[in-house]
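>>> The sequence and its predicted three-dimensional model are supplied below.
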Amino acid sequence: RERERDHPPAQPDPQDQSIRSKVYAISGAIPDASYIQLPKSLSQNLCLVGRYVHVALCVQPGKIFMLHCDVAVEGGLAVRVSISNMYKEFKAASTWLQFPFVQEHCRWTLLALDMHAILSTYLNKTFVGLKGLRLCAAMLVKNIITSPTLFTPNSCPRELAFPRARVGAFEPQ
């Protein structure tokens, strides 16, 4: 309880005017002390089997952020897939992967992670399910969805959609 008093959980802001939606603001000087964790207890498991993890987020300029995805793989093992602007290069070990996130400007982004492809490519392991998520510091989050389908700006559900001008075709990067 004392930790919650020192570091209150992120609360939804009334509305982010740039996307006309409620968002969660996660901020703090130390990323490991300012986070949202799903599920709340590490002993619980989300048991989400959609291979794509979609996160609608906006990274705060000049601030560090981290996204940790704890996934179950065949054989009952767990692997942590992390993405952060703190990482300068890709790194891997048998139980974790770290990917750098490079973004020049603060803007809303629909981040889509193909857990099946990530785990089979970098660790030669088979994705079973998403056990948990931890979103650390300096970001705004609109929503997180897992799905067997890769969404694009033209096909994503309303919970992930951003208002935008219809200009040209979408090119994944």
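Happy to help now that I have it.
>>> What are the boundaries of the helices in the chain?
Assigned helices in the chain, in chain order: 2-6, 115-122 (criterion: DSSP state H).
>>> Select from those helices the stretch with the lowest mean pLDDT.
Lowest mean pLDDT within the helices of the chain: helix 2-6, at a mean of 39.
>>> Let me know the pLDDT of the residue nearest to Ala137 when sequence neighbours are not counted.
Leaving out its chain neighbours, the residue that sits closest to Ala137 by CB to CB, 6 or more residues apart in numbering is Pro31, at 3.7 Å. From N, CA and C alone the C-beta is placed, and that goes for glycine too. Reported pLDDT at Pro31 in the predicted model: 77.
>>> now His68
Each residue has a pLDDT score; the one for His68 is 97.
>>> shouldn't it be in contact with Val79?
No. The pair His68 / Val79 is not scored as a contact, 10.8 Å apart, by CB atoms under 8 Å.
>>> Show me which of these two is the more surrounded one.
Just comparing His68 and Val79: by other CB atoms under 10 Å the higher neighbour count belongs to Val79, 23 against 18.
>>> how about the more buried one, what does it touch?
Taking CB atoms under 8 Å, 6 or more residues apart in numbering, we find Val79 in contact with 70-71, 73, 95-97, 119, 123, 125.
>>> cutoff 6 Å now
Residues in contact with Val79, defined by CB atoms under 6 Å, 6 or more residues apart in numbering, are 71, 73, 95.
>>> Of those, which is the most crowded?
Counting by other CB under 10 Å, Val71 has the largest number of neighbours within these, with 26 neighbours.
>>> ok, what's across the strand from it?
Each beta-bridge partner of Val71 is listed here: Val79, Leu130, as defined by DSSP bridges.
>>> Can you give me the pLDDT of it?
The predicted local distance difference test score for Val71 is 97.
>>> What separation do you get for it and Val102?
23 Å (CB to CB, to the nearest Å).
>>> What of Ala117?
The spacing between Ala117 and Val102, counted by CB to CB, is 20 Å.
>>> Give me the more crowded residue out of the two.
Ala117 (12 against 7).
>>> Could you find the closest non-adjacent residue to the more buried one?
With CB to CB, 6+ apart as the measure, Arg51 is the residue that lies nearest to Ala117, at 8.0 Å, once sequence neighbours are left out.
>>> So, low pLDDT: which residues of the chain?
Regions of the chain meeting the criterion pLDDT under 70 cover residues 1-14, 164-173.
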